[in-house]
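Trainee: got a predicted model here, sequence first, then my questions.
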Amino acid sequence: MITVTDLDYVYPGGQGALDRVSLSIRPGTLVGLVGANGSGKSTLMALMAGLYTPTSGSITVDGCVNPGEGRAVRAVCRLVMQDADLQMLGATAEEDLLLGRARTDATVARARELARRFSLLPAWERPVQTLSWGMKRKVCLAAALLDDPRVLLLDEPFSGLDYPGMREMRGLLRESRAVGLTQVVSSHDLECFIDLVDQLVVLDTGRLALDGPPDAVLNHVRSHGVRPPCSWSAGQGVRSWDEESL
């Protein structure tokens, strides 16, 4: 589904962000992309989404190669940014979900169904500036899923969420994996989603430091600026922290 080959990225000002990163992601997997702040996570996700062009190397997503086929990559990927305010353009939840789309009965019905799924119908006509951080994040996620992407890229989706919001986000990740959606979730904290992860990728100052199943990687993450989950440090392996596992 996603193949990253010898990927380099240098920002226009000359700052290097990624250095010869290579990895492979299978279809339908949930990948945890972790690292300390400034490790290159958001840059890599923007490249996977076709929003940036590699300085050298390449990314292949569902058979489409970046550089060269950025438009095709963007057609199959959706990126949900960490800061929802940078992504929302509509004045209301309804307007944001339907912005740029033909208002056919089918499209409106699909948008309302996603709003219902994410408990957004009460906010359907509310100004977006009155929505909570978590509700804004859900509007962005609903807008991404409205396009039926093959790949969903979530940049720090747990940031700023309370415990109920984290549990809801975990449920959405499970649902998306159950229907075969390939997901890449970036975070600097493993605690709230490590038990859902199929593949753990660790970046360190722009380089690929670790890549593999969580059980094979977690003993080594601390040396790359990532705190292991509490259950792992306590010798209990990978355990879910939510009520469903108690």
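Mentor: Ah, there it is. Numbers count the residues shown, from 1 in each chain.

Trainee: from now on I want contacts and neighbour counts done on CA atoms only, so please keep to that.
Mentor: OK.

Trainee: which residue ranges form the strands in this structure?
Mentor: 2-10, 16-25, 30-34, 56-61, 64-66, 77-80, 151-155, 182-187, 199-204, 207-212 (DSSP state E).

Trainee: would CSV of those with mean neighbour count, mean pLDDT and distance to Arg227 be doable?
Mentor: Converted to CSV, the strands of the chain look like this (neighbours: other C-alpha atoms under 10 Å; pLDDT from 0 to 100; distance: least, C-alpha to C-alpha, whole Å):
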stretch, mean neighbour count, mean pLDDT, distance to Arg227
strand 2-10, 19, 97, 26
strand 16-25, 18, 96, 22
strand 30-34, 26, 97, 10
strand 56-61, 22, 96, 29
strand 64-66, 22, 94, 32
strand 77-80, 25, 94, 24
strand 151-155, 24, 96, 18
strand 182-187, 24, 96, 11
strand 199-204, 24, 97, 12
strand 207-212, 18, 97, 14
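
Trainee: if we compare the ones you listed, which one ends up closest to Val128?
Mentor: Closest to Val128 of those, according to C-alpha to C-alpha: strand 77-80, at 16.6 Å.

Trainee: quick one: strands adjacent to that closest one?
Mentor: As defined by DSSP bridges, the strand partners of strand 77-80 come to strand 151-155 (parallel).

Trainee: what's the closest non-adjacent residue to Arg112?
Mentor: For Arg112, the nearest residue in space outside its immediate sequence neighbours is Leu121; the separation is 7.1 Å by C-alpha to C-alpha, 6 or more residues apart in numbering.

Trainee: repeat for Asp62
Mentor: Leaving aside its chain neighbours, Asp62 sits nearest to Met1 (4.8 Å; criterion: C-alpha to C-alpha, 6+ apart).

Trainee: list the contacts for the one you found?
Mentor: When the contact criterion is C-alpha atoms under 8 Å, 6 or more residues apart in numbering, the partners of Met1 are 24-27, 60-63, 182.

Trainee: pretty sure the residue nearest to Arg112 is touching Ala111, no?
Mentor: No - counting by C-alpha atoms under 8 Å, Ala111 is not a contact partner of Leu121; they are 10.0 Å apart.

Trainee: more neighbours: the two, which one.
Mentor: In this view Leu121 and Ala111 are compared by other C-alpha atoms under 10 Å, and Ala111 has more residues nearby, 21 against 17.

Trainee: which ones are touching that one?
Mentor: 94, 97-98, 142-143, 146.

Trainee: ok, Phe158 to Pro27 distance?
Mentor: Applying C-alpha to C-alpha, to the nearest Å, the value for Phe158 to Pro27 is 23 Å.

Trainee: neighbour count for these two, which is higher?
Mentor: Neighbours of Phe158 and Pro27, each counted by other C-alpha under 10 Å, are more numerous for Phe158; the result is 23 against 16.

Trainee: which residue is the nearest non-sequential neighbour of that one?
Mentor: Across the structure, with C-alpha to C-alpha, 6+ apart as the measure, the residue nearest Phe158 apart from its sequence neighbours is Met166 (6.0 Å).

Trainee: so how far is Leu146 from the one you found?
Mentor: 22 Å.

Trainee: same check, this time on Pro12
Mentor: Distance, Pro12 to Leu146, using C-alpha to C-alpha: 33 Å.

Trainee: got the phi and psi for the nearest residue to Arg170 once chain neighbours are set aside?
Mentor: Using C-alpha to C-alpha, 6+ apart and skipping residues adjacent in sequence, the residue nearest Arg170 is Phe193, 7.0 Å away. Main-chain dihedrals, Phe193, degrees, to the nearest 10: phi -150, psi 0.
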